[in-house]
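Enquirer: Provided below are the primary sequence and the corresponding predicted coordinates.
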Amino acid sequence: MGHDSRPTIGLIPCYLKLYDDLCPEMRAGFDGFLRDVVGALGQRGIAVRQTPVCRLAPEFQAAVAQCEAAAVDGLVTLHLAYSPSLEALDALCATRLPLLLLDTTPDAAFGPDVAADRIMFNHGVHGVMDLASMLRRRRRAFDIVAGRLDDLRTPERAADWARAAVAARELGRGRILRLGPAFAGMGDFSVPAGALRDQLGIVVEDAGLDALDQAIEALPAEAVRIELADDRECYDCELNPADHERSLRVGLGLRRLLETGGFNGMSVNFECFNRRDRPACTMPFLEIAKAMCRGIGYAGEGDVLTAALVGALARGFGRTTFTEIFCADWKGESLFLSHMGELSLSVIAGRARLVTRPAFGGGSEDPAFLSGPVQAGAAVLTNIVPGPDGRFSLLVSPVEVLDEGPELHPSMRGVVRAWIRPGCPVAEFLESYSRRGGTHHSALTLGSHAEAIAAFGRLLGLDTFVLSA
């Protein structure tokens with residue numbers, strides 16, 4: 001995400017040459033405003049590369065070229081005053097960088113009691129209208145954030161858009177390892193590899209457990225010992241050392257396989273872990289939890305599409321996990337999320353428990369996995385949908401992760417779990433979700449990012465729907 005691992009935007013201040021000709025001293029009056037904008041974004045984790053103030057077409061062309069050379073994640077225009085759209089239009093339409101129009105002004109209030117000389121410092125709004133109208137006419141995609149700068153939501157929305165730009169870029173760089181075949185008969189996420197590559201830029205490489213066996217056997221002798229010590233420091237380890245070491249060995253082999261292959265996502269089919277007499281003798285749930293926390297995408301059962309989505313959102317927005325809607329709590333108006341043993345460490349509240357569970361089907365050794373409550377609060381459930389005519393769509397659902405409270409059944413402590421409440425009654429949500437073709441594999445991202453994740457979908461050219469009412 002940019003040069004210092006944060007999202008990086010190119011900020012292009014827009015101005016009118018006529019004002020420099022008539023009153024050149026006026027432009028200095030915007031210096032404090034520009035510092036405030038850069039500071040507000042910086043406080044929210046966004047690196048800003050500010051170009052010189054642009055007035056004429058060659059200046060806009062130079063500013064865009066500067067931003068492209070710096071490999072920024074997106075462009076943000078800021079109208080200091082009215083700036084004619086045709087000066088900026090060609091440069092903004094020629095670049096493939098995502099574009100946001102930040103529509104804000106130095107003064108929060110502009111009522112009857114404001115002095116007339118403040119007009120010159122606060123009239124950029126109609127310049128934004130001019131530019132937005134022409135961008136639309138040219139079919140140039142853009143987003144817009146409007147509001148007063150001292151309203152915390154305005155810079156936060158702009159910062160979140162920058163995260164969306166990172167996530168959109170990352171999806172198109174998806175390089176996904178599929179370990180084992182896709183689950184037989186599971187159709188909703190099934191997409192031909194050519195369509196993933198050609199339409200979304202996702203590259204898939206298939207491997208069997210022989211490759212994982214080799215990676216496990218190539219591990220340095222001390223690797224498991226070092227990881228074991230780290231785990232004991234970080235988690236409540238409630239399993240016997242032999243199970244722990246076994247899971248670590250398989251997990252570190254998987255980590256090595258991902259790193260040597262340059263993969264940023266994976267899907268693992270638990271069915272192929274069906275023997276005890278090989279190095280890859282247990283499902284690597286523990287490493288999957290750690291990998292998602294590092295920004296590696298994941299989905300179960302051979303679902304490389306959702307794996308790419310999880311990874312892109314994790315690298316753009318942070319705390320993201322693969323999940324499934326398992327059960328409806330009709331009475332409590334909530335939905336129960338779960339899976340076999342996959343939960344990103346990044347979403348667990350407090351200190352995670354490290355436990356084992358019986359191997360599904362009994363053919364392999366019992367796997368270790370991390371368990372704990374998901375952090376309560378605002379979150380977004382996101383689903384990528386393969387649709388008719390080769391089109392993909394994105395379902396974005398703002399939800400609340402519920403505090404599981406003191407009444408948690410003891411048997412649930414060893415289960416991957418979370419309860420969410422959508423923005424409408426559960427029955428209505430499920431109906432709307434399935435009418436839009438939502439699959440049974442999703443990503444859950446903590447935080448109030450629904451608007452930005454919808455922008456992520458639009459940046460990718462996906463048909464994007466927000467399921468909130």
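Expert: Received it, and whenever you're ready, just let me know what you need. Residues are numbered from 1 along each chain as shown.

Enquirer: could you point out which element follows the helix or strand bottoming out on mean pLDDT in the chain?
Expert: Ranking every helix and strand in the chain by mean pLDDT, DSSP states H and E puts helix 193-195 at the bottom, with a mean of 82. Of the helices and strands lying after helix 193-195 in sequence (DSSP states H and E), the nearest is strand 203-207.

Enquirer: Roughly how far does the residue nearest to the spatial centre of the chain sit from Arg118?
Expert: For the chain, Leu313 is the residue whose C-alpha lies nearest the centre (C-alpha atoms, centre = their mean; 1.6 Å). Separation of Leu313 from Arg118 (C-beta to C-beta, to the nearest Å) stands at 42 Å. (C-beta placed from N, C-alpha, C; glycine too.)

Enquirer: quick one: buried residues of stretch 273-280?
Expert: For stretch 273-280, the neighbour count (16 or more other C-beta atoms under 10 Å) marks Phe273, Asn274, Pro279, Ala280 as buried.

Enquirer: hmm, I was thinking of stretch 99-117
Expert: Residues Leu99, Leu100, Leu101, Leu102, Asp103, Thr104, Thr105, Pro106 are the ones in stretch 99-117 that count as buried (16+ other C-beta under 10 Å).

Enquirer: For the protein, give me the ranges with low pLDDT.
Expert: 1-5, 469 (pLDDT under 70).

Enquirer: let's see it at 50
Expert: Along the chain, the parts satisfying pLDDT under 50 run over 1-4.

Enquirer: Can you tell me the closest non-neighbouring residue to the residue nearest to the centre of the chain?
Expert: Closest residue to Leu313 apart from its sequence neighbours, by C-beta to C-beta, 6 or more residues apart in numbering: Thr320 at 4.5 Å.

Enquirer: Who does the one you found form a beta bridge with?
Expert: Legend: beta-bridge partners of Thr320 under DSSP bridges are Thr445.

Enquirer: Report the contact partners of it.
Expert: With contact taken as C-beta atoms under 8 Å, 6 or more residues apart in numbering, Thr320 is in contact with Met292, Val310, Leu313, Ala314, Ser344, Ser346, Val347, Ala443, Leu444, Thr445, Leu446.

Enquirer: And it, how far from Arg294?
Expert: Separation of Thr320 from Arg294 (C-beta to C-beta): 11 Å.

Enquirer: Name the secondary structure element that contains the nearest residue to Phe270 once chain neighbours are set aside.
Expert: Spatial nearest neighbour of Phe270, chain neighbours left out: Met283 (5.0 Å); criterion: C-beta to C-beta, 6+ apart. Using DSSP H and E, Met283 falls within no helix or strand.

Enquirer: right, and Met283 touches Glu271 too?
Expert: No: if you go by C-beta atoms under 8 Å, Met283 and Glu271 don't touch, sitting 9.6 Å apart.

Enquirer: okay, those two: which has more neighbours?
Expert: Using other C-beta atoms under 10 Å as the criterion, Met283 and Glu271 rank with Met283 on top: 31 against 17.

Enquirer: show me where the stretch 201-350 of the chain has strands.
Expert: For the stretch 201-350 of the chain, the strands defined by DSSP state E, counting those that start in this stretch occupy 203-207, 236-237, 265-268, 297-300, 320-329, 334-338.

Enquirer: which residues does the residue nearest to the centre of the chain contact?
Expert: Contacts of Leu313 by C-beta under 8 Å, 6+ apart are Ala167, Thr320, Thr382, Ala443, Thr445, Ile453, Phe456.

Enquirer: what's the most distant pair in those residues?
Expert: Farthest-apart pair in the contacts of Leu313 is Thr320 and Phe456; separation 11.9 Å (C-beta to C-beta).

Enquirer: quick one: buried residues of stretch 196-213?
Expert: By 16+ other C-beta under 10 Å, the buried positions in stretch 196-213 come out as 196, 199-207, 209, 211-213.

Enquirer: and those, which two are the farthest apart?
Expert: Across the buried residues of stretch 196-213, no pair lies farther apart than Gln199 and Asp213, at 34.1 Å, counting by C-beta to C-beta.

Enquirer: Give me the three-state assignment for Phe189.
Expert: With DSSP: H, G, I helix; E, B strand; the rest coil as the basis, Phe189 sits in coil.

Enquirer: who's in contact with His441?
Expert: Neighbouring residues of His441 by C-beta under 8 Å, 6+ apart: Asp188, Phe189, Ala299, Gly300, Glu301, Asp303, Thr306, Phe322, Glu324, Asn383.

Enquirer: 7 Å instead, please
Expert: Neighbour list for His441: Phe189, Ala299, Asp303, Thr306, Glu324 [criterion: C-beta atoms under 7 Å, 6 or more residues apart in numbering].

Enquirer: returning to that earlier point: ok, so of the buried residues of stretch 196-213, who is nearest Gln61?
Expert: Of those, the one sitting nearest to Gln61 (C-beta to C-beta) turns out to be Gly201, at 27.3 Å.

Enquirer: Pretty sure the closest one sits against Gly172.
Expert: Yes: at 3.5 Å, Gly201 and Gly172 qualify as touching, with contact defined as C-beta atoms under 7 Å.

Enquirer: now the helices: where do they sit in the stretch 101-250 of the chain?
Expert: 125-137, 153-171, 193-195, 209-217, 223-234, 241-261 (DSSP state H, counting those that start in this stretch).

Enquirer: can you give me the end-to-end distance of stretch 96-106?
Expert: Start and end residues of stretch 96-106 are separated by 30 Å (C-alpha to C-alpha, to the nearest Å).

Enquirer: next one: stretch 298-312
Expert: End-to-end distance of stretch 298-312 (C-alpha to C-alpha): 10 Å.
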